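[1] Sequence and predicted structure below; questions after.
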There are 4 protein chains.
Amino acid sequence: MHMINEKCGIAAVYGHKEAANLVYLCLYALQHRGQESAGIASWDGKEIHMVKRMGLVADIFNKETLRKLPGFAAIGHNRYSTTGESTLKNAQPLFVNFKYGELAIAHNGNLVNAQNIRNRLESEGAIFQSTMDTEVIVHLISRAPYDNFKDSLNHALRQIKGAFSLVMLRKDELIAVRDPWGIRPLVLGMLKDSYVIASETCALDLIDATYVRDIKPGEVLSISSKGLESWYPFEEVKQHHCIFEYIYFARPDSVVFGKEVYGIRFNFGRMLARESSCDADTVIPVPDSGIVAALGYAKESGLPFELGLIRNHYVGRTFIEPKDSVRHFGVRVKLNPVKEVLAGKKVVVIDDSIVRGTTSMKIVKMIRSAGAREVHMKISSPPITHSCFYGIDTPTRRELIASSHSVEEICKYITADSLQYLSIEGMLEAAGYSVEDHPFCLACFTGNYPIKA
Amino acid sequence: MHMINEKCGIAAVYGHKEAANLVYLCLYALQHRGQESAGIASWDGKEIHMVKRMGLVADIFNKETLRKLPGFAAIGHNRYSTTGESTLKNAQPLFVNFKYGELAIAHNGNLVNAQNIRNRLESEGAIFQSTMDTEVIVHLISRAPYDNFKDSLNHALRQIKGAFSLVMLRKDELIAVRDPWGIRPLVLGMLKDSYVIASETCALDLIDATYVRDIKPGEVLSISSKGLESWYPFEEVKQHHCIFEYIYFARPDSVVFGKEVYGIRFNFGRMLARESSCDADTVIPVPDSGIVAALGYAKESGLPFELGLIRNHYVGRTFIEPKDSVRHFGVRVKLNPVKEVLAGKKVVVIDDSIVRGTTSMKIVKMIRSAGAREVHMKISSPPITHSCFYGIDTPTRRELIASSHSVEEICKYITADSLQYLSIEGMLEAAGYSVEDHPFCLACFTGNYPIKA
Amino acid sequence: MHMINEKCGIAAVYGHKEAANLVYLCLYALQHRGQESAGIASWDGKEIHMVKRMGLVADIFNKETLRKLPGFAAIGHNRYSTTGESTLKNAQPLFVNFKYGELAIAHNGNLVNAQNIRNRLESEGAIFQSTMDTEVIVHLISRAPYDNFKDSLNHALRQIKGAFSLVMLRKDELIAVRDPWGIRPLVLGMLKDSYVIASETCALDLIDATYVRDIKPGEVLSISSKGLESWYPFEEVKQHHCIFEYIYFARPDSVVFGKEVYGIRFNFGRMLARESSCDADTVIPVPDSGIVAALGYAKESGLPFELGLIRNHYVGRTFIEPKDSVRHFGVRVKLNPVKEVLAGKKVVVIDDSIVRGTTSMKIVKMIRSAGAREVHMKISSPPITHSCFYGIDTPTRRELIASSHSVEEICKYITADSLQYLSIEGMLEAAGYSVEDHPFCLACFTGNYPIKA
Amino acid sequence: MHMINEKCGIAAVYGHKEAANLVYLCLYALQHRGQESAGIASWDGKEIHMVKRMGLVADIFNKETLRKLPGFAAIGHNRYSTTGESTLKNAQPLFVNFKYGELAIAHNGNLVNAQNIRNRLESEGAIFQSTMDTEVIVHLISRAPYDNFKDSLNHALRQIKGAFSLVMLRKDELIAVRDPWGIRPLVLGMLKDSYVIASETCALDLIDATYVRDIKPGEVLSISSKGLESWYPFEEVKQHHCIFEYIYFARPDSVVFGKEVYGIRFNFGRMLARESSCDADTVIPVPDSGIVAALGYAKESGLPFELGLIRNHYVGRTFIEPKDSVRHFGVRVKLNPVKEVLAGKKVVVIDDSIVRGTTSMKIVKMIRSAGAREVHMKISSPPITHSCFYGIDTPTRRELIASSHSVEEICKYITADSLQYLSIEGMLEAAGYSVEDHPFCLACFTGNYPIKA
């Protein structure tokens, strides 16, 4: 089972004469969802224009590039990738010419049956320009046994399984799709008479668009000069939102799956404090991702919240180390400890998760080297024991330290004085649900994958 | 009196075979001191090499550019500028050929008598390649009535007035200078047998260098194969450290003027709470600069510290707005309010300073639009009533809102429910000093300029 | 009938550890065949690597880009285009993933039935990433009713009609194909044990490879670790080499269709002199394309050959003219007359062809303005009356001045004192053939298209 | 005695609202005089703007860069350099701020006493930003004991010795200067009411400007709103035009030193034929520089002129050769022999000069490898036995093969069957002068340097 992680941000605008400019602003707000490449495709009533490049939105788009994207409808994409396939070839939107004319598509998520479909399509003569899951969707549309786009699209969507929040641009039409499990978020907003689609509400906020509602799990929403039309081509399935959006991925100022991320993330911290209080002098976050949970932890525990690690936000993609350097700069270049806060203290450190454990180890050592007496690591989510196949950047199981080590062993590995994780029950309760009745996919904690290839 | 703001970061390394690479790492850590341009000059025993460009350290330097900077000694500079003179011509280090051979120089601060000296030098036939203050220093060295570098340097240094922390690179010698008032910081560190000079200790931390001591006000430190030599060519004057390093400019994890920035900034917040407590539900910072003071305020006031504004760290230099945009995106693209935190609350907002007032107004309105019931702005420094001529980015007096408006008027302008500043007395006390006996320049709050042109 | 002009250069190397570097050198030598974009794909035994960009070979490829192209086999392409589709999307080689794994293909020529096939393929669900003819070939291979590459390739090749000299790179195999009409040239050479394929022999010369033979019309040549294998999947057809290779397109130092271009082009000039001698003082070429024919003309006519027009070889792609410029710089920036040669003279001007007539008119006026008494234009090929559908850059018929104007009318339009073209008979005789028995396509002069869509 | 070769092209325009655009066009036409870097400075009535970069005019200037160069006056420069100092630091125009405000200067030629003056100026405290001769001129102006620009300029000009054609731009004034020896060319033209200055008339031709006259040796020409003013600040000296402008450097379509280059270069070839006729079948040039002389040789000798070597004009700056390449590509990448022309023939090859001899050797071998029976090398100038100190790119004497080898020895070294040079007498006669009475500098042939440092 292959896994190309597609932790991405998508956005779309319909009905605004500066559609591409608004999409660019949305991608700006969604930059945290992917920094590898970005692209925008626009429809000017006659043809699709596209700009996509490696790098950040702020570096790719300027007056000149936006001028190349005329039209009243546009879609955009920020791509994140941890695989070796970090090439422009895999940047999105994907553009094709086919029987239904020109089509651009942007995809957040990844499919579990993409490789199977791809093998079948290839055996039938299909030709691929990239290694992206997304490309199979277009092939399925093109080969569907119908002669109109809508039926073909439905036919294609019914065949794919996995996580997919999609926006598509074609002749006079913008289409948004969300998989029936509702794994990745996708919201609809309005800016005066224009429609806006985005991965998170923080994108709507930036352009002053009003949040209207989530695109529903299983919904296909078409926006065209005829107005909005929705349909649900999928069989009904139980919802499985990705809880990692709350733990780490979404921006805290966004509303995701109908709830404010900040509040839930804060509650994770509170619950963590209730589950794993300890004798300590101060609570510090691993910035920036641990800050909100650490605030919750501090509130609940009564311990003071402090900034014991300072983050350098100017860090670029690569970093040239001296050849004879005795140590690896990886973490140090991003984080620096504050002796004033840490020296002589018993420190609780809040992070959102532990993947391989190496970063946590470096952080613990860094804090201790700044004079901390004790370092207690608290994680605002349960141990990740299984890989994600729906688009979160988790490595293969073997690399996940919690897949083969007990919490005690991990604690020893990261050289902390103690280590606690938030329990699955606590996490669900903090999010406002019970173990018995919740809308989340917990596969990375339990191995119970809701969608089978 | 002209004012080119030179709020910059400088670094230097002597005695390491990868000197330029270490300087690059230091500039990385000092990126917050200037994002307009960066440059490194290295000395390979025969000649000086130099690379300088517009942009961020991470974008300018890579394996290829660092390969062009061989040698065991190097100096570097991050430039910040708010003036129109944002050109490569004014990037540093400045390089010249003159009677003492090749020289590269990097300068943090600015001089109050540069224009006077420049006028005199021009009338005597001197030729300038830039509009930087720094260039007059080299001319003064070159025209000094001595036939050796050291005497000429001393002669030159005695003529310049203002803020200057300098590093210079010439034939086999690295020289660091700090003005006798000690306005800008400059520290000495060691990495095994190599010497490191930097604006702040966070640069030493990144490369694992040990902090040795501050370059003293009025000290000239020469580092060469003969070892270290220090001398003090200036008349003795009272020290006047720039207190804005504590308020805003230095990174909180740095040690500046012998004290940890974090602790003092935290105390500013505590003192602010003592001076201006109010009935409120929550304390939020304007991130990132207000965070540490807000933590101090929360601690002292007992109010909960929360993140009511989320900062987007991916913001680039320019930002393309839709042409028919009704509002200016300036602040919104950087900050977004969190409704969960703010809705229905009486909010205390902590910021480090108010300059023109426009940004504060936008922040207040943003917080209110997220549902806050009351917005109480608290500033962790006194009102800025006078321009700085020593290198802080303050605009001309007329533009400083506090130069012509009372606190009450400013409060009204920024549409806050209340506005309080930290008092001068409180600020000094929080920093561990009294009004009668302190080592700071307070000119921007009082108009008492310690150095006259 | 669509017409995307694909006047290009292709090259390939098999069995050399620096295959991409040799292909790069070949493209260098073939730069005259296309300056819009260039690309190289290499096979390293495991996968295909590719670099393609807009611009000249010398600007695209350097040590760094060549390092990204490891392997012992490589193909490359220089693209020329006069259509609006000048985008990277249409640069070659074209790369795909499909049932036979990875494939890269480079194509010189263009197909007459590409659009028909494309329409059919699209209706069957095929998806296209470009608007290049070349892409249909790969689709035909992929959809052929066979389960092996060779049969599928043959099946595909039999369906396409038009001009195609192809090189393809796949798993351990380099394949060269030439259409059965032999329209575009393609030669095989050897460099020690390595094989080299190129559009012209000048590419072999540069890398010191020995010319072995032409790839034969209708031949498919496979080069792999098993050695060379040739087969001929096409029905036999009469050969129709493009005579414009001799007239203008090939470099004079190349051997094309088994004969040296220089000699034939020189003979065109001699024959032109025989057919259209006139009373004149001097013969000048329109440089560079008219030089060799002008030498032949001078030789036969006994008139002195001189350089009356000097060409500026530094001309770039675009050229910024003053806004209020009274005249268009188009021709002037490339050519400047030499008064010394022209003043007071009766001048014979030799050019290879006239397309729209506007350039010829500017040249005649330029020569006259330099003082020439008479300007006699002589064209070393017959009037172009019909568009080419096989890959020569001729515009639509309506734009071809000779399609609707007599020689006399053209003469008047270009303001020459006289105008003569080489006759078809003379051209064929000069090339060593008769009107009755020759191997050329003359469609652009006669309208007799040898290949029907 | 140092020697930085400054074989450059300069241009200037005064009184045209698109001055920079016209200068850009002039630099285009003068690209053959220098391909290393180019720059333009413009004066908009308030300040000087400047763009300069490494590379070709066509690559550096586009709409965007020209938009940065507003104003009605501009100067420009193409730089050629064979020294190691190929950096942007040495690109021109040179810009300074000094007592007379802003000044930009562009310089063709080089000074023989620059280093002496520089040493003196440095000892007096002058500071240099480059290693260009040009910079000392500005220092001399700045330090002249006058308080007005004109007297200071005259004072400076009287101190410098060597070759200098200069254009300067300052407050409302364009100044052109030519050294009293008249070594390098400089012409004045008019385009309606605007004035144009350029190194060669081909620049005037491109923009349709009329040639008015040469800037006279020793003339200073000021163009301002007050009109034209000329003066002659130098002591009278004998003229010494660089004869290499006729031999190789100027474009054949230019008028230089009052005569058409084409005619003189053609006469060099005729005279060479008279002095060194030989039994041969054909005459071929080394393109492009040998073409005109070869035409003259062919005319006089009665031998046919043919193109035996084809030049690839797409050659870039660098060229990546395979690592295990047995031979150096240096010459081959530029030139390829035509077997049809050469096989079995006795070939006369015309080149303009021989410097080190290595290129000539490669050319002879290349021609022989194409089947030539005999190769007779004829050089259209006398043997270069001495270095040039006035701006021609000749290497140090030791590297000049003719400084230490007889013609017979050189012939053997380059493996030719025979070798003849044009005699000094023949060269002068061909140019229309006698040995006794001519206006040329012949130092590179005779060692009689007209200007002493």
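    Sure thing, it's come through. Numbering: from 1, shown residues only, chains lettered A, B, ... in the order given.
[2] I am assuming A:Leu228 contacts A:Ser222, so please confirm or correct that.
    Yes - between A:Leu228 and A:Ser222 there is a contact at 7.1 Å, judged by CB atoms under 8 Å. Just so you know, the C-beta spots here come from the backbone N, C-alpha and C atoms, and that holds for glycine as well.
[3] Pick out whichever of those two has more residues nearby.
    Using other CB atoms under 10 Å in any protein chain shown as the criterion, A:Leu228 and A:Ser222 rank with A:Ser222 on top: 20 against 12.
[4] what's the closest non-adjacent residue to that one?
    Among residues not flanking A:Ser222 along the chain, A:Glu229 sits closest, at 4.7 Å (CB to CB, 6 or more residues apart in numbering or on different chains).
[5] With A:Gly109 instead?
    A:Ala163 (3.1 Å).
[6] Which helix or which strand is home to the residue nearest to A:Ser222?
    When elements are assigned from DSSP states H and E, A:Glu229 belongs to strand A:227-231.
[7] so what secondary structure elements neighbour that strand?
    Packing contacts for strand A:227-231, counted by 3 or more CB pairs under 8 Å, 6 or more residues apart in numbering or on different chains; DSSP states H and E, involve strand A:220-224.
[8] The strand it packs on: how far from the chain's middle?
    Taking CA atoms, centre = their mean, to the nearest Å, one finds strand A:220-224 lying 23 Å from the centre of the chain it belongs to.
[9] quick one: strands adjacent to it?
    Applying DSSP bridges to the sheet, strand A:220-224 is found paired with strand A:173-178 (antiparallel), strand A:227-231 (antiparallel).
[10] helix, strand or coil for the most far-flung residue of chain A relative to its centre?
    What lies farthest from the middle of chain A is A:Gly344; by CA atoms, centre = their mean that is 37.8 Å. Assigned with DSSP: H, G, I helix; E, B strand; the rest coil, A:Gly344 falls in the coil class.
[11] if I look at it, how far off is D:Glu321?
    Using CB to CB, to the nearest Å, A:Gly344 is found at 64 Å from D:Glu321.
[12] ditto for A:Gly263
    Taking CB to CB as the measure, A:Gly263 falls 64 Å from D:Glu321.
[13] which of these two has more neighbours?
    Using other CB under 10 Å as the criterion, A:Gly263 and D:Glu321 rank with A:Gly263 on top: 21 against 18.
[14] Looks like the more buried one contacts B:Glu340 (just checking).
    Yes - at 4.4 Å, A:Gly263 counts as touching B:Glu340 under the criterion of CB under 8 Å.
[15] In chain A, where is pLDDT below threshold?
    A:1-7, A:81-87, A:316-319, A:324-329, A:389-395, A:453 (pLDDT under 70).
[16] Quick check: residues of the stretch 101-250 of chain A near chain B?
    A:Cys202, A:Asp205, A:Leu206, A:Asp208 (CB under 8 Å from any CB of the partner chain).
[17] any idea which helix or strand carries the first one?
    Here A:Cys202 sits within helix A:201-206, counting by DSSP H and E.
[18] Work out the gap between that helix and the centre of the chain.
    With CA atoms, centre = their mean, you get 16 Å for helix A:201-206.
[19] Toward the C-terminus, what is the element adjacent to it?
    Next in sequence after helix A:201-206, counting helices and strands by DSSP H and E, comes strand A:210-214.
[20] partners of that next one, with directions?
    Paired neighbours of strand A:210-214 in the sheet (DSSP bridges): strand A:187-191 (antiparallel).
[21] How about residues contacting the helix or strand that the strand it pairs with is followed by?
    Later in the chain than strand A:187-191, the nearest helix or strand by DSSP H and E is strand A:194-198. Strand A:194-198 is contacted from outside by A:9-16, A:19, A:22, A:26, A:29-30, A:167, A:174, A:176, A:186-190, A:203-204, A:207, A:209, A:215, A:221, A:223, A:228, using CB atoms under 8 Å, 6 or more residues apart in numbering or on different chains.
[22] tell me the angle of strand A:194-198 relative to strand A:227-231?
    Counting by axes from the mean of the first three to the mean of the last three CA atoms, to 10 degrees, strand A:194-198 lies at 40 degrees to strand A:227-231.
[23] how far is strand A:194-198 from where the chain is centred?
    Counting by CA atoms, centre = their mean, strand A:194-198 comes out at 19 Å from the chain centroid.
[24] Quick check on the nearest residue to A:Ser199 once chain neighbours are set aside: phi, psi?
    Distance criterion CB to CB, 6+ apart; nearest residue to A:Ser199, sequence neighbours excluded, is A:Gly9 at 4.7 Å. When read as degrees, to the nearest 10, the backbone of A:Gly9 gives phi -120, psi 140.
[25] swap in A:Ala73?
    Main-chain torsions, A:Ala73, degrees, to the nearest 10: phi -140, psi 140.
[26] Roughly how far does it sit from A:Val177?
    Taking CB to CB as the measure, A:Ala73 falls 16 Å from A:Val177.
[27] Could I get the contacting residues of the closest residue in space to A:Ala416 that isn't next to it in sequence?
    Take A:Ala416 and drop its neighbours on the chain: the residue closest to it by CB to CB, 6+ apart is A:Met377, 4.3 Å away. Residues near A:Met377 by CB under 8 Å, 6+ apart: A:Val349, A:Asp351, A:Ser360, A:Val364, A:Cys411, A:Ile414, A:Ala416, A:Ser418, A:Leu419, A:Gln420.
[28] what's the distance between A:Met377 and B:Gly9?
    With CB to CB as the criterion, A:Met377 and B:Gly9 are 33 Å apart.
[29] on that earlier part again, how far away from the center of its chain is the strand holding A:Glu229?
    The answer for strand A:227-231 is 26 Å, by CA atoms, centre = their mean.
[30] Check which element follows that strand along the chain.
    Next element after strand A:227-231 (DSSP H and E): strand A:241-242.
[31] Give me the secondary structure label for the residue in chain A positioned nearest to chain D.
    With CB to the nearest CB, the shortest gap between chain A and chain D falls at A:Glu64, namely 8.6 Å. Here A:Glu64 is helix, with the state taken from three-state DSSP.
[32] what number of residues lie near it?
    10.
[33] Equivalent analysis for A:Asp437, please.
    Other residues within reach of A:Asp437, judged by other CB under 10 Å, total 7.
[34] so it, which of the three states?
    Per three-state DSSP, A:Asp437 ends up coil.
[35] Okay, it and chain C: tell me how far apart.
    As judged by CB to the nearest CB, to the nearest Å, A:Asp437 and chain C stand 43 Å apart.
[36] counting contacts, what elements does the longest helix along chain A pack onto?
    Counting by DSSP state H, the longest helix found in chain A is helix A:261-275. Secondary-structure packing of helix A:261-275 (3+ CB pairs under 8 Å, 6+ apart): helix A:291-301, strand A:374-379, helix A:424-430, helix B:339-342.
[37] my guess is the residue nearest to A:Ser222 contacts A:Glu219, does it?
    No - contact criterion CB under 8 Å: A:Glu229 and A:Glu219 do not qualify, at 10.7 Å.
[38] ok, these two, which is more surrounded?
    A:Glu219 (21 against 13).
[39] Pull up the residues of the stretch 51-200 of chain A that are close to chain C.
    Where the stretch 51-200 of chain A comes near chain C, counting by CB under 8 Å from any CB, the residues are A:89, A:95-99, A:122-131, A:138-139, A:142-144.
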